[in-house]
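S.K.: show me how the following folds:
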Amino acid sequence: MMAGWQVALALGIPWLAGTLWVRALWRKSLAGGWPLAWGYGYFLGLLAAILLLRIQAMIGWPLDWAEPTLILAFLGLVGGGLAWRRGGFTFHSLDKVRGGFTFHSLDKEGWRVAPGWFERGLFILLLIWLGWRLILLAQEVWLRPLYPWDAWTTWGVRARVWSELRELVPFVSPEQWLADASGSAYTLHAWQYPDAVSLLALWPTLAFGGWNESIAHLPWLGAAPALGLGFYGQARLWGAAPLTALIFVWLLLSLPMLNTHVALAGYADLWLAAVFGLAVGALLQWARTGDRWQGVLALLLALACPWLKREGLIWALLLIPAATVVWTPRRYWPWLGGGVLLTLILWWVSGGIVFTVAGWGEVWLTPEVMQLPGLGRFEWHYHAVGEPVARNLLILGNWHLLGYLLLIALLWGLPKIFAEPWRLAGMLVTGSGLFMLFALFFLTDAYLWAVQYTSINRVFLHFAPALLFWALTVFQEGQKPVVSST
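M.R.: Numbers count the residues shown, from 1 in each chain. Alright, predicted model coming up:
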């Protein structure tokens with residue numbers, strides 16, 4: 001019984017601390033403010049917890065959940081006090097707050113008709129559906145043993161070793177392991193993978209008092225509602241009505257591939273998808289409103305992406321072009337575009353560039369080869385894999401109708417791409433991400449992942465929440481942000 005309470009505290013206090021600090025960023029009571037804070041606070045809080053574990057190991061202390069939890073509890077009190085002073089705990093009656101629980105339907109005057117029983121009923125039914133789905137996923141997470149391939153060959157292996165030894169013993173290459181006379185190191189095939197996901201599995205087991213696979217999987221279960229809350233909060237803040245925002249949350253949390261990665265807890269892909277998706281949501285809010293705190297959230301989550309998975313570095317770098325156009329005054333956009341085009345021409349004519357980054361390795365960026373340390377070497381050759389890619393994204397049941405929704409959003413958003421900075425920023429994130437996926441599956445040996453129907457859907461999952469939020473911004477382009485307490 002005591003172990004259960006300790007696990008609840010280990011997961012709940014970081015979540016609460018992160019939530020209070022996110023809520024303290026804004027003085028005003030914002031539409032979607034609390035859902036946004038709960039969603040972003042979960043990921044930032046748990047990432048802070050495992051960062052404290054890293055610091056604990058660096059100073060030579062045995063791994064323990066108590067000290068980091070106490071630190072986060074203190075920080076939560078500070079964040080809560082700051083949120084209270086800044087008015088973050090101001091609540092209003094729902095029927096007095098514009099947009100608090102008001103559903104709008106289209107009539108002659110626009111979006112200003114009072115809510116009807118159908119809208120309220122649909123909102124409640126969607127909440128019940130999402131709650132029931134979460135209960136089913138909780139059963140899967142609790143009853144299923146460690147199952148996914150990468151989890152029991154890499155992520156879970158490191159977490160169990162660290163849990164048993166109460167020490168972050170190093171995992172090195174097989175050659176280094178053989179040369180280690182002290183026997184203090186361990187090895188596995190993917191020894192160079194980032195350690196954040198293993199630390200996330202480790203964290204609740206430290207509170208439990210020993211290794212337990214069901215306990216280790218609990219952070220994955222929490223990631224699903226947290227992603228939904230963060231998505232809903234940003235949608236409301238964008239100006240979407242509650243029902244519209246919840247429909248898009250339902251579209252997100254009903255994706256079969258996302259549900260699979262919750263039920264089969266242990267992979268890193270769910271974490272990268274959630275963190276990158278919320279980073280894109282915050283980036284687009286910053287691009288639209290200039291809210292510096294949204295920019296801070298986007299930056300913090302973008303920095304976390306490479307810690308979750310090696311591919312996270314590429315996804316984080318995709319945010320740079322979007323941020324650049326937001327920083328650049330519109331009158332300089334033609335010069336910026338011309339400069340990028342000229343740079344690409346010079347790069348192609350010169351045969352690319354090769355350089356060495358100290359402490360990282362040799363980087364090749366040429367028309368024939370791309371080599372990034374930690375990610376691998378990719379030789380460019382075109383592979384005709386359009387048919388399996390289309391089947392995976394448009395025909396099979398992995399994504400429901402998400403592919404068709406994105407095609408409609410692209411056609412809807414392209415004509416106004418240069419009208420406002422946030423439109424161009426959103427299109428740059430979307431376009432660069434889709435181009436990256438095209439290059440990976442059509443121009444490198446990773447085409448086999450599409451032909452064999454394997455990792456193509458795992459990689460696309462990284463981008464799915466970001467794409468869905470971008471689609472929401474395209475369809476909700478005429479709405480204005482609403483100030484309220486929900």
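S.K.: show me where the stretch 251-400 of the chain has strands.
M.R.: Secondary structure of the stretch 251-400 of the chain by DSSP state E, counting those that start in this stretch: the strands cover 353-357, 361-365, 369-372, 376-379.
S.K.: can you pull the pLDDT of His92?
M.R.: Looking at His92, its pLDDT reads 44.
S.K.: what's Leu428 in contact with, if anything?
M.R.: Each residue near Leu428 by C-beta atoms under 8 Å, 6 or more residues apart in numbering is listed here: 321-322, 325. In this view, the C-beta of every residue, glycine as well, is placed from N, C-alpha and C.
S.K.: Phe442 now?
M.R.: 382-386, 389.
S.K.: just the buried residues of stretch 138-148, please?
M.R.: 140-141, 144, 146, 148 (16 or more other C-beta atoms under 10 Å).
S.K.: please disregard the earlier target; I meant stretch 408-424.
M.R.: 409-410, 413, 421-424.
S.K.: between those residues, which sits nearest Val78?
M.R.: Distance ranking of the buried residues of stretch 408-424 against Val78, using C-beta to C-beta, places Trp422 first at 32.7 Å.
S.K.: was I right about the closest one contacting Arg288?
M.R.: Yes: the criterion here is C-beta atoms under 8 Å, and Trp422 meets it with Arg288 at 3.9 Å.
S.K.: quick check on the closest residue to Trp360 other than its chain neighbours: phi, psi?
M.R.: Spatial nearest neighbour of Trp360, excluding adjacent residues (C-beta to C-beta, 6 or more residues apart in numbering): Pro373 at 5.1 Å. Dihedral pair for Pro373: phi -60, psi 130, per degrees, to the nearest 10.
S.K.: pLDDT weak spots in the stretch 151-300 of the chain?
M.R.: For the stretch 151-300 of the chain, the stretches flagged by pLDDT under 70 are 181.
S.K.: the contacts of Phe442: which two are farthest apart?
M.R.: Tyr382 and Val389 (13.3 Å).
S.K.: which one of the two is surrounded by more residues?
M.R.: Per other C-beta atoms under 10 Å, whichever of Tyr382 and Val389 has more neighbours is Val389, with 19 against 9.
S.K.: element containing Thr431, please.
M.R.: Not Thr; residue 431 is Gly. Assessed by DSSP states H and E, Gly431 sits inside helix 421-443.
S.K.: Met58 versus the residue nearest to Val296 when sequence neighbours are not counted, what's the distance?
M.R.: Spatial nearest neighbour of Val296, chain neighbours left out: Leu25 (7.5 Å); criterion: C-beta to C-beta, 6+ apart. Using C-beta to C-beta, to the nearest Å, Leu25 is found at 29 Å from Met58.
S.K.: those two - which one has more neighbours?
M.R.: A direct count of neighbours by other C-beta under 10 Å for Leu25 and Met58 places Leu25 higher, at 22 against 9.
S.K.: separation between that one and Gly18?
M.R.: Taken as C-beta to C-beta, the span from Leu25 to Gly18 is 11 Å.
S.K.: now do the contacts for Ala235.
M.R.: Each residue near Ala235 by C-beta under 8 Å, 6+ apart is listed here: 32, 244-245, 248-249, 469, 472, 476.
S.K.: switch to 6 Å and redo it
M.R.: Listed by C-beta atoms under 6 Å, 6 or more residues apart in numbering, the contact partners of Ala235 are 245, 248, 472.
S.K.: which other residues reach stretch 241-254?
M.R.: Residues contacting stretch 241-254 (C-beta under 6 Å, 6+ apart): 103-104, 119, 123, 126, 130, 228, 231-232, 235-236, 465, 468, 472.
S.K.: and of these, the nearest to Leu206?
M.R.: Closest to Leu206, out of all of these and judged by C-beta to C-beta, is Gly228, at 27.2 Å.
S.K.: quick one: secondary structure of the closest residue in space to that closest one that isn't next to it in sequence?
M.R.: Nearest non-adjacent residue to Gly228, counting by C-beta to C-beta, 6+ apart: Val249, 4.8 Å away. Secondary structure for Val249, judged by DSSP: H, G, I helix; E, B strand; the rest coil, is helix.
S.K.: against Arg54, how distant is Val249?
M.R.: Applying C-beta to C-beta to Val249 and Arg54 gives a distance of 32 Å.
S.K.: more crowded one of those two?
M.R.: Val249 (25 against 14).
S.K.: can you count the residues close to Met257?
M.R.: With other C-beta under 10 Å as criterion, Met257 counts 20.
S.K.: who's in contact with it?
M.R.: 398, 457, 461.
S.K.: and of those, the nearest to Cys305?
M.R.: Using C-beta to C-beta, the contacts of Met257 come closest to Cys305 at Leu461, 13.7 Å.
S.K.: mind listing what's buried along the strand or helix carrying the closest one?
M.R.: Using DSSP H and E, Leu461 maps to helix 456-475. Neighbour-count burial for helix 456-475, counted by 16+ other C-beta under 10 Å, picks out 456-475.
S.K.: got the angle for that helix vs helix 421-443?
M.R.: 160 degrees (axes from the mean of the first three to the mean of the last three C-alpha atoms, to 10 degrees).
S.K.: who's in contact with helix 456-475?
M.R.: Under C-beta under 6 Å, 6+ apart, the answer for helix 456-475 is 235, 248, 252, 257, 269, 272-273, 276-277, 280-281, 284, 392, 398, 405-406, 409, 412-413, 426, 430, 433, 449-450.
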